[in-house]
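Colleague: pasted the sequence and its predicted model underneath.
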Amino acid sequence: MPAAARKALGVLNTQIAVYGTQAATAILAARILGPQQRGVMVVAVFVAVLIASAADFGLSDAVAYNIARQHGDRNSMSEARSVCVRWVPVSIAAILLVYLAVQRFAHSIVIRDLGPEVVVASCTLSVAFLIYRVAYGVLVGLQAFSMRNLISVLASAVLLAGILVVILLRLHPTALQLVLIQLFATIVAVAVAMQFVLWKHPAGRAPLPPDWRKTYLAYGAKGATTVFVQHMNYRLDTMIVNAIMGGAAVGVYSAGVSAAQVLLLIPAAVSVVQMPRVASSGQARGVESAPLALGATLYLVAGAAVVLGIGMPFIVMVLYGKAYQGAIAPGLWLLPGMWSVAVLNVMGSTFSGLGRPGCNTVAVACGLVATAALDFTLIPRYGILGAAWASTAAYSLAAIVSIAIFTRVGRMPFRKLLTGTLAEPPKWALARLTVLRSTIPHGNDRERL
C-alpha cells in the first residue's frame, strides 16, 4: 500500500475513533441537557471555533505549509517558532476584542440565550482552540500523523470522560459545565502536542525569515479568508436558527447535523494527508494526484450516505430520544450536502498544497452568499428543514465552483478530471487487489510448501 494511502487510512481510523467519542459526547449531552441547554452549548462552542479560526489569520495553515515545504528541517522549525511567538499574542488580542464587540453590539443575534458566564467560558475556549490550531498545523507540517492522531483522540476522550464523571456524580450538568470540560480537554491536548514538538523537534531561536510577509503573512491571509468563510458557510444556518427560533431549535437541528456529518470523516482524513503530500511533491504531481484523492473520497462518501440514510431514523430516535425527532428530516436532507462538502475539502487541501489557498475562497464565498440568501428565505417559513435545504443547495454550488477553478488553475480539462475521478479509484483498488492476490500461495504452491 502506498505511503499516502497508509497515512490516509491511519488518519481515517483516528477520525472514526474521534467521531465515536464525539458522538457519545453529543448523545450524552443531548440526553442530559435537553434541546434548550444543548442549543446553548452548541452556540457557545461554535462561536469559539468561528472566532478562533478568524483570529488565527491563517497561521496554522501557513506553518503547516512552510514546514512541509522544507521537509521539517531544524531551520524551518526555528522560523515557524519565531513567527508564532510574534503572531499568537496578536491573535489572542483579536479574540478578546471580537468577543467584547459581540457582547456589546450583537448579543441578541449571535449569542442569544448565552449568559455572561457562558460567554466568558466561550471566549477562553476560543483562545485554547487558537493555540490548538497552531499546534495541529505544526504536526501536519511535520507529517507527524501518529501524534496528530493522538491529540485528536485525546481531546475527545478527555471531554467524554469529563461528562461521564459529571453524570456519575449526579451534578445536574449545565451547558456552562460542559463548555468548561471542553476547555480542559483542549488544554490537555495542546500540552501533549507542544511537549512532543519540543522533545522530538527542538527549534533554536532564529530571526524572522526575510520573506516572512510573503511565505507566512500573505499565504496565511489567503487561507484565513477561506477558513473563515468556510466556517460561516457551514454554520451560518445555526446562527440564523438561533437568532430566529432560539436555543431549543438549535439543539434539535444540531442532532441532525451531527448525524449527517459522519460522512465528513472520509474527506477529513484524505484532506489532512493531501495538503502536505501535494506541497512536498511539486506542482505537476500535486495536480495529477487530485483525481484519485477526489474520486476515492466521493465513492466512499456516496456508499456511506446510503447506509446512513437508511439508519437515520434509528440514530436519532434511539440514541438522541423522542425530543429530537424533528432532526430526522433535516439530517436526511443534509446528506447530499455532505457529498458536496467532501469535494470542497479535498479541493481545498489540494489548493493549499499548491500554495494557492485563496483559490477555494471564491468557491466557498459563492456558497456563503447562497447560504445567506436561502437561509433568510427558507428558515422563517420552514424552520430547521428550510435550513437543511439551504445548506445542501449552497454546498452544491460551492463544490461546482471549486471544480471549475481547479480545472483552470491546474490546467486540467474538466473531462480529464471527471474521467480520472471516476476511473482512477477502481483502477487503483484493482491494482492493489492484484498485488495482494499475487502474494497469496495457490494450491500447488501450498503443496510444495
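Modeller: Looks like it arrived, so ask away. Numbering: from 1, shown residues only.
Colleague: what about the residue nearest to Ile167 when sequence neighbours are not counted, neighbour count?
Modeller: Spatial nearest neighbour of Ile167, excluding adjacent residues (Cβ to Cβ, 6 or more residues apart in numbering): Ile32 at 6.5 Å. Heads up, the C-betas are built off the backbone N, CA and C, glycines and all. Ile32: 17 surrounding residues under other Cβ atoms under 10 Å.
Colleague: how near is Ile32 to Ser289?
Modeller: Ile32 is 45 Å from Ser289, where distance means Cβ to Cβ, to the nearest Å.
Colleague: element containing the most centrally placed residue in the chain, please.
Modeller: Nearest residue to the geometric centre of the chain (Cα atoms, centre = their mean): Ala268, 6.4 Å. Element membership for Ala268 (DSSP states H and E) is helix 265-281.
Colleague: same deal with Ala342?
Modeller: helix 328-353.
Colleague: I figured the residue nearest to the centre of the chain hits Leu344, correct?
Modeller: No. Using Cβ atoms under 8 Å, Ala268 is not in contact with Leu344; the gap is 11.6 Å.
Colleague: at which residues are the strands of the stretch 51-200 of the chain located?
Modeller: With DSSP state E, counting those that start in this stretch as the criterion, the stretch 51-200 of the chain has no strands.
Colleague: how about the helices in it?
Modeller: Using DSSP state H, counting those that start in this stretch, the helices of the stretch 51-200 of the chain run over 59-69, 74-105, 107-110, 116-141, 145-168, 175-200.
Colleague: could you list the low-pLDDT ranges of the stretch 251-400 of the chain?
Modeller: 281 (pLDDT under 70).
Colleague: same question for the stretch 1-150 of the chain.
Modeller: Along the stretch 1-150 of the chain, segments meeting pLDDT under 70 span 1-16, 18-19, 70-74, 106-110, 145.
Colleague: before we move on, back to that, what residues of the helix holding Ala268 count as buried?
Modeller: 265-280 (16 or more other Cβ atoms under 10 Å).
Colleague: check stretch 84-103 too.
Modeller: 84, 87-88, 91-92, 94-95, 98-99, 102-103.
Colleague: related to what we said a few turns ago, of all the helices of the stretch 51-200 of the chain, which one is nearest Ser396?
Modeller: helix 59-69 (25.1 Å; Cβ to Cβ).
Colleague: the closest one packs against which elements?
Modeller: Counting contacts by 3 or more Cβ pairs under 8 Å, 6 or more residues apart in numbering; DSSP states H and E, helix 59-69 is packed against helix 74-105, helix 116-141, helix 219-245, helix 265-281, helix 328-353.
Colleague: what about the residue nearest to Ala224 when sequence neighbours are not counted, how many neighbours?
Modeller: Of all residues not flanking Ala224 in the chain, Gly58 sits nearest, at 3.4 Å (Cβ to Cβ, 6+ apart). A count of neighbours around Gly58, defined by other Cβ under 10 Å, yields 28.
Colleague: contacts only, for Gly58.
Modeller: 219-225, 227, 357 (Cβ atoms under 8 Å, 6 or more residues apart in numbering).
Colleague: could you do Val362 as well?
Modeller: By Cβ under 8 Å, 6+ apart, Val362 lies in contact with 401, 405.
Colleague: buried residues in the helix or strand containing it?
Modeller: In this assignment (DSSP H and E), Val362 forms part of helix 359-382. Buried residues in helix 359-382, counted by 16+ other Cβ under 10 Å: 359-368, 370-372, 374-375, 378-379.
Colleague: next one: it to chain centre, how far?
Modeller: Chain-centre distance of helix 359-382: 19 Å, with Cα atoms, centre = their mean, to the nearest Å.
Colleague: can I get the CA coordinates of it in CSV?
Modeller: Output of helix 359-382 as CSV, limited to C-alpha atoms (Å, rounded to 0.1, in the frame of the first residue of the first chain):
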residue,chain,number,x,y,z
CYS,A,359,-8.4,29.7,-4.8
ASN,A,360,-11.0,27.9,-2.7
THR,A,361,-12.2,31.2,-1.2
VAL,A,362,-14.1,32.2,-4.3
ALA,A,363,-16.0,28.9,-4.3
VAL,A,364,-16.7,29.0,-0.6
ALA,A,365,-17.8,32.7,-0.8
CYS,A,366,-20.3,31.8,-3.5
GLY,A,367,-21.7,29.1,-1.2
LEU,A,368,-21.8,31.6,1.7
VAL,A,369,-23.8,34.1,-0.4
ALA,A,370,-26.2,31.4,-1.4
THR,A,371,-26.5,30.2,2.2
ALA,A,372,-27.3,33.6,3.5
ALA,A,373,-29.9,34.3,0.8
LEU,A,374,-31.6,30.9,1.1
ASP,A,375,-31.4,30.8,5.0
PHE,A,376,-33.2,34.1,5.3
THR,A,377,-35.8,33.0,2.7
LEU,A,378,-36.4,29.5,3.9
ILE,A,379,-35.8,29.4,7.7
PRO,A,380,-38.6,31.8,8.7
ARG,A,381,-41.1,29.8,6.7
TYR,A,382,-39.9,26.2,7.0
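Colleague: thank you, goodbye.
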